[in-house]
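Asker: sequence below, structure please.
(chains A, B and C)
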Amino acid sequence: MPVVSTVLVVEDDPTVARLVEMTLRFGDLEVRVVGTAPEARELLTEPWDAIVLDINLPGTSGLELLRQLREDLGSTTPVVMLSALRHEHEVQRALAFEATAYLTKPFSPDELLEAVRAAV
Amino acid sequence: MERLVITYEQFVLLYFAVLALTYAYFGYLGVRSVIVYSRELSPLALGDHLSRDVAKPVSILVPAFNEEASIVASVRALLSMHFPRYEVVVVNDGSTDSTLERLREHFALIEVPMAYRQVLPSLDVRGIYRSLRYPNLVVMDKERGGRADALNSAINAARYPLVCAIDADTLLDADAVLRASRVFGEDETVVGIGGTIRPANGAVIEDGRVASLRVPKRWIERFQVVEYARAFFVGRAAWSKLSALMLISGAFSIFRKDALVAVHGYWTETVGEDMEVVFRLHRHYRALGKPYKILFTPDPIAWTEVPSDMRSLRAQRNRWQRGMVETLWRHRGMAFNPRFGRLGMLGVPYYWVFEAAAPVVEVLGYAALIVSALTGVLFAQFAALFLLLALLYSVLFSQFAAGIESFLLARYPRARDRLILLAASFLEFVGYRQILVFERFIACFQVRRKAKQWGAMRRVGTPEVADL
Amino acid sequence: MWRRYGDTAYALFVLVGFILQAAALALLTWSFIPAASGLFPAATPGRALLGALLLTTTALMGIVGFILAYHVIGARRQARREADVREWTERWTEVVFGAEAPEGPLPPAALEGLLEVRDKLRGSRARAIDQLFERYWRSGVLIRPLRSRRLLKRLDALERLARARLASTFFPVLHETDKADARTRAMAIRASARTLALYPEGPALDEAQGAFAEALDDDRISTGVALEALMLLDDACSGVAIRLFDDPTPRWLRWAAIEAAGRLERVDLTIEIASLVEDLDPEIRAASLRALHGIRTIPDAAQDTVRRALHDDVDFVRVQATRAAELLPFAVVATRLWEMLGDPSWWVRRTAAETMGGHGTAGAAMLGWAARSHPDRYARHMAIQFLFDDQRIDLGTAELLREAV
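Answerer: Next comes the predicted model:
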C-alpha cells in the first residue's frame, strides 16, 4: 500500500496557503498548514516528508526557521522555500542553509508540485 | 486701562481664531494628501518595490549617549528590518556608562582600521568596530560632542547614498525605511523626508516592534499622544503639501547623504539641530535654483518613548522652544523674503508668529484675563465664554488629527481607549497645556543663557550661514 | 497601512469645519473693529463670542460624530466586505482546481476575490483565470473607471488593473503613462509592466513590447521607476530591454535596461550586453560589465573585451571589470589582477583582492604571496586586509604580517 507523503506548509497569507494546500492535495499529498512561526516551530520536530516554507512570516523570518531546523534540530527534511523576494543574497542564504528549492511568488502550482514531488 | 485690557483680549481671541482657521485649512490639506498617498503607496506597490530589490540602500545612523539599558534591544530590532540593503551605524558619543561594552559583547565587535573620508568636521573618533556576526553593523566610538556632532561623524562613515538619522530609543516599523526609501527612488528631486512619530508609551512591544496599541496609563502620556497626532497628521502634512516643510524630527528623518554633505552637515551649536539643518537645506537648494523637495510622508512610522513625568517633559519642551528660536533667529533673513517663495513668505513668518511667539501671546492673555477678572473689568460670563472658546478650538484641532489617525490600520483599537483620548483632548486644556505654555514662555528668555544645554559640549566648527 | 473607505467623506466634513471656522473668524473680526475704535460696551463682542462658540461647537460635533460613526459603522461594514471577498477567494480557488464555475452575473466582491487569486499565481492555472475574467466581466469593467474625472477613481482602477494583468487591458493602461499627473504615470507604468509580464506569445507581443519601450522613453519618469518597471517584466524583460540598449535611447534608460537585464539574469542578452562593454559612455560600460557578472556568463567572443576593460581609464569601470573577471579563466587575468592590487583606487584594489579570493586555490595562493611580497605597499595591505576580513587568517597573523611589511 503506497505511503502517503505528508507535507508541512508554513505560510501566513491565507490565499496563498489555500492555493498551496490545494495544489499539494491535487497531487495526492497530505497537507498540514500553519500560519505563524511559533506554530511551525512546535511541529518542526515531527517527521515530515517535506516542508514548504514562506520566507516572509510575521515576526521571525522563514530563513531563521530554516536555520533552526538545520542547525538546532539537525534535520535533513527537504525544504522548498517560497518567497516574494528575488534578492540574490536571500537566495544565497537559503541555499547556504540547504534549502532544497527556492520558488518565487507569484508561484506556478505545476512548478511547486514538481519541486515537492522531487524533494519527497 | 479697561479698554487696553479688553482690546488685548480681543486681539488674543482674533489671534487664536486665525490660528484655528489656518489649522482647519491644514487639517483639510492633511486629509487630502493622505487620501491620494494611500492609493499611491498600496501594499501592492510596496510589495513590488521590495521584491524587485530596487530600493535605494540606506545607512541608519544611531547616535547614542548613555543608552546601556536599551541599546542592545534597539540595535537588534534595527538589524531585522524588511529592507534588502542597509547598514546600521551606531555612534557611541562618549558614553560614561556601559553602552559600548554591551554592544561589544552582544554583537561580537572587533576593532577594525577603517579608512573613510572625513568630509564633515567632527570630534575625534576613538575607534571603529564591526560585528563578526552582523556584517552590516558598524559601531563608532568617539569623544562626547553632542548629537549633531555624532551624526556628522556617522555621515562620514556611512557608505550608502541615503542616511536615516534616528534616536537611540526610536522603534521603527519594520517597513518604515522601505516606505521612505521608495519615495527617493520614485522622485529624484527629493532631498529629505520626515515620517510620523508616535508615542510608544502603553503599547505592547514585541521583539523591538510595536505589536499593538494601548492607551498609556498616565494622563501626561495620554496628552502627548493627542499632541503628537496634531503635530504630525495636521501640521506637517500641510506644510509639506505647501512645499514649506520646516521641521523634520530628529527621531526619524531620512536625507540624501550628498545633500547633507553639501550643506556641511548638522550645526553643533544648537539644541534644535534637526530643524536647523532643514532650513539650511532649503536655502542651499533654493540658491541652486534647481527643483527640490523636502517632504513629510505620513506612513513611515517611528515610535518613541515620551517623557512620563512633568519635569522631563518640561525640560524637553523648553529645549524644543529654544531650538526653534535659535533656528529662526539664525535664519531671520528668510522671513518675508520672496527669494524663498512660500517658505519665506508664509512658513517662516507663521513660525515666528504662531509658534515662537504663541507662548508669549497666550501667557499674557491669561495674565490679562486674571487681571481683568480681579479688577472686575470683565464680566465673568465673557471670561468664561472666552476660555470655553479657546478650549473648543483646542479640542477641534485635536479631533482633526484624530480623524486622520482613524484611517490608519494601526489605530487604537479599543473603544475605551478612543474615548479616553477624546477626553484627553478636553482635559489637556485644563492645566497641562498651561504648564507647558508657561515653560515655553520662560524658554524664550533663556535662549542665550542656556545655549547648547542638553549635551553639546565643544565647538567643532560652524558652517557659515553667510556663505549660503 | 491606510483604510481606504470613508476618507473622501471625512475630507468633506473637514472642509465644512473649515468654512465654519472662517465664519467664526469673520464674526470676531467684525466685533473687533468697533472695539478697537472704542465704540461699544461688552455686548457686541459677547454676542460675537457666542456666535463663534456656536459655530465651533457645530464643527466639533460634526467631526467627532463622524469619527465615532466611522469607527463603529465603518469597521463593521468593512469586516462584512472582507468576509465576502474571502468567501469568493475560497470559491475561486476551488474553481481553479476544477470545481464548477458559478453562474453570472456576479457581485463586486467576486471580482475582488478573483483579483486576489490572480495575484498569487503564475503558469497554466493563472491563464485559466484570464478566461474567467473574460467570461464574467468584459475587461470593460476594469477599464471604464480610467476615464473618470476623479483622480482617486483612476488610481484605484490602475491598481486593480495591475493585479488583474489581463492582456486585453494592456494598451488602455499604457495610454495612462502619458498623463500629466506624476502619480498616474508611475502607477500606469507599473501596471503595464505587470501586465506585459504575463502577455501571451504571439505577434501582438512584439507590438506590445515596442510600445512599452517607447513609453519608458520619457524624461518625466525617474530612473528608479523605470528600473522597477523593467524588473517587473520578469521573463518579458528581454524583449523590451534589447530595444533600449542602443544609442538614441537616453543614457539613464539604457542604464536601467542593462541593470534590469543583469539582475534578471537574461542569458539571452549576453551578446548584446557584451557589445556595450566598449561603449563611449563609462556608465554604460560599467553597467554592462556588472550585468555580465550578474548573469554569470561572458560569451567566448567577449572575453578579450572584458580583459581589455581591466585597463579602462575610469575607476568605476575598472571595478566592474575586475568583478566580472571572476568569470574568466584565472590564467588569463592573473597578471593583471596582481597589478590591480596596487591600483590608485581603493575600490579597485579591494575588488581585485576579492576576485582573486574567488578564484579558488590558485587565487588564494596569489593573495598570500601578495600579502608578503607585492612590491606596492598598498597592495600588500589590501591583501592582508582582505584575508582578515574573509576570515582566512586571524587577527594575530594579520598584525604580524602588517608589521613585517
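Asker: where does the prediction get shaky in the stretch 51-200 of chain C?
Answerer: Applying pLDDT under 70 to the stretch 51-200 of chain C flags the ranges C:139.
Asker: an error on my part: the question was meant for chain A.
Answerer: Low-confidence segments of chain A (pLDDT under 70): A:1-3, A:59, A:86-90.
Asker: could you pick out the residues of it near chain C for me?
Answerer: Contact residues (CB under 8 Å from any CB of the partner chain) of chain A with chain C: A:13-16, A:18-19, A:22-23, A:26, A:88, A:105-111. Just so you know, the C-beta spots here come from the backbone N, C-alpha and C atoms, and that holds for glycine as well.
Asker: can you do 10 Å?
Answerer: By the rule CB under 10 Å from any CB of the partner chain, the part of chain A lying against chain C is A:13-23, A:25-26, A:84, A:86-88, A:103-112.
Asker: let's see which of the residues you listed end up in helices.
Answerer: If you go by DSSP state H, the residues of chain A next to chain C have A:14-23, A:25-26, A:88, A:109-112 in helices.
Asker: now, of the residues you listed, which are buried?
Answerer: A:T15, A:V16, A:A17, A:R18, A:L19, A:V20, A:E21, A:M22, A:T23, A:P109, A:E111, A:L112 (16 or more other CB atoms under 10 Å in any protein chain shown).
Asker: so can I have TSV of the residues you listed showing distance to chain B?
Answerer: Shown next, in TSV, are those (distance: CB to the nearest CB, whole Å):
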residue	distance to chain B
A:T15	13
A:V16	12
A:A17	17
A:R18	19
A:L19	17
A:V20	18
A:E21	22
A:M22	23
A:T23	21
A:P109	19
A:E111	17
A:L112	18
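Asker: out of those residues, who's nearest B:V112?
Answerer: The closest of these to B:V112 turns out to be A:V16 (CB to CB; 42.6 Å).
Asker: how far away is the closest one from B:P413?
Answerer: 26 Å (CB to CB, to the nearest Å).
Asker: what do you get for C:A193?
Answerer: Remark: distance between C:A193 and B:P413 (CB to CB) = 37 Å.
Asker: more neighbours, the two?
Answerer: The neighbour count for C:A193 versus B:P413, taken as other CB atoms under 10 Å in any protein chain shown, is higher for C:A193 (30 against 13).
Asker: secondary structure element for that one?
Answerer: In the assignment (DSSP states H and E), C:A193 maps to helix C:182-197.
Asker: wait, does the next helix or strand after that helix contact chain B?
Answerer: Remark: after helix C:182-197, the chain's next helix or strand is helix C:203-216, criterion DSSP H and E. No. Using CB under 10 Å from any CB, helix C:203-216 stays clear of chain B, with a minimum separation of 14.4 Å.
Asker: name the residues that touch helix C:203-216?
Answerer: Helix C:203-216 has contacts (CB atoms under 10 Å, 6 or more residues apart in numbering or on different chains) with C:167, C:170-171, C:174-178, C:185, C:188-189, C:192-193, C:195-196, C:199-200, C:202, C:221, C:225-226, C:229-230, C:233, C:236-244, C:249-250, C:253, C:256-257.
Asker: quick one: mean pLDDT for it?
Answerer: Mean per-residue pLDDT for helix C:203-216: 93.
Asker: try stretch B:4-16
Answerer: Here the average pLDDT along stretch B:4-16 is 77.
Asker: got the CA positions of it in CSV?
Answerer: The C-alpha trace of stretch B:4-16 is given here as CSV (Å, rounded to 0.1, in the frame of the first residue of the first chain):
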residue,chain,number,x,y,z
LEU,B,4,-6.4,98.3,26.8
VAL,B,5,-7.1,95.0,28.5
ILE,B,6,-10.3,94.3,26.6
THR,B,7,-8.6,95.2,23.4
TYR,B,8,-5.7,92.8,24.2
GLU,B,9,-8.2,90.1,25.0
GLN,B,10,-9.9,90.8,21.6
PHE,B,11,-6.5,90.6,20.0
VAL,B,12,-5.8,87.2,21.6
LEU,B,13,-9.1,85.9,20.5
LEU,B,14,-8.5,87.1,17.0
TYR,B,15,-5.0,85.5,17.1
PHE,B,16,-6.4,82.2,18.1
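Asker: how about it, which residues are buried there?
Answerer: The neighbour-count check on stretch B:4-16 (16+ other CB under 10 Å) flags B:V5, B:I6, B:Y8, B:E9, B:Q10, B:F11, B:V12, B:L13, B:L14, B:Y15, B:F16 as buried.
Asker: run the chain-centre distance for that stretch.
Answerer: Relative to its parent chain, stretch B:4-16 has a centroid offset of 31 Å by CA atoms, centre = their mean, to the nearest Å.
Asker: the helix holding C:A193 and chain B in contact?
Answerer: Yes. Using CB under 10 Å from any CB, helix C:182-197 reaches chain B at C:A182, C:R183, C:T184, C:A186, C:M187, C:R190, C:A191, C:A193, C:R194.
Asker: ok, the residues you listed vs chain A, which is closest?
Answerer: Closest approach between these and chain A, by CB to the nearest CB: C:R194, at 10.1 Å.
Asker: wait, the closest one sits on C:R160?
Answerer: No. Using CB atoms under 10 Å, C:R194 is not in contact with C:R160, being 11.5 Å away.
Asker: surely B:V89 is in a helix?
Answerer: No. Using DSSP: H, G, I helix; E, B strand; the rest coil, the assignment for B:V89 is strand, not a helix.
Asker: OK, contacts around the closest residue to chain A within the stretch 1-150 of chain C?
Answerer: For the stretch 1-150 of chain C, the residue closest to chain A is C:G123, as judged by CB to the nearest CB, at 3.1 Å. By CB under 10 Å, 6+ apart, the residues touching C:G123 are A:P106, A:F107, A:S108, A:P109, A:D110, A:E111, A:L112, C:L198.
Asker: tell me which two in the residues you listed are the farthest apart.
Answerer: Largest separation among these by CB to CB: A:L112 and C:L198, giving 17.6 Å.
Asker: nearest to B:R236 among the residues of helix C:182-197 next to chain B?
Answerer: B:R236 has its nearest neighbour among those in C:R183, at 20.0 Å by CB to CB.
Asker: so what's the residue count around the closest one?
Answerer: C:R183 has 18 nearby residues by other CB under 10 Å.
Asker: please name the nearest non-neighbouring residue to it.
Answerer: Closest residue in space to C:R183, ignoring its immediate chain neighbours: B:E40 at 5.0 Å, by CB to CB, 6 or more residues apart in numbering or on different chains.
Asker: my understanding was that the one you found contacts C:R185; is that so?
Answerer: No. With contact defined as CB under 10 Å, B:E40 does not count as touching C:R185 (11.2 Å).
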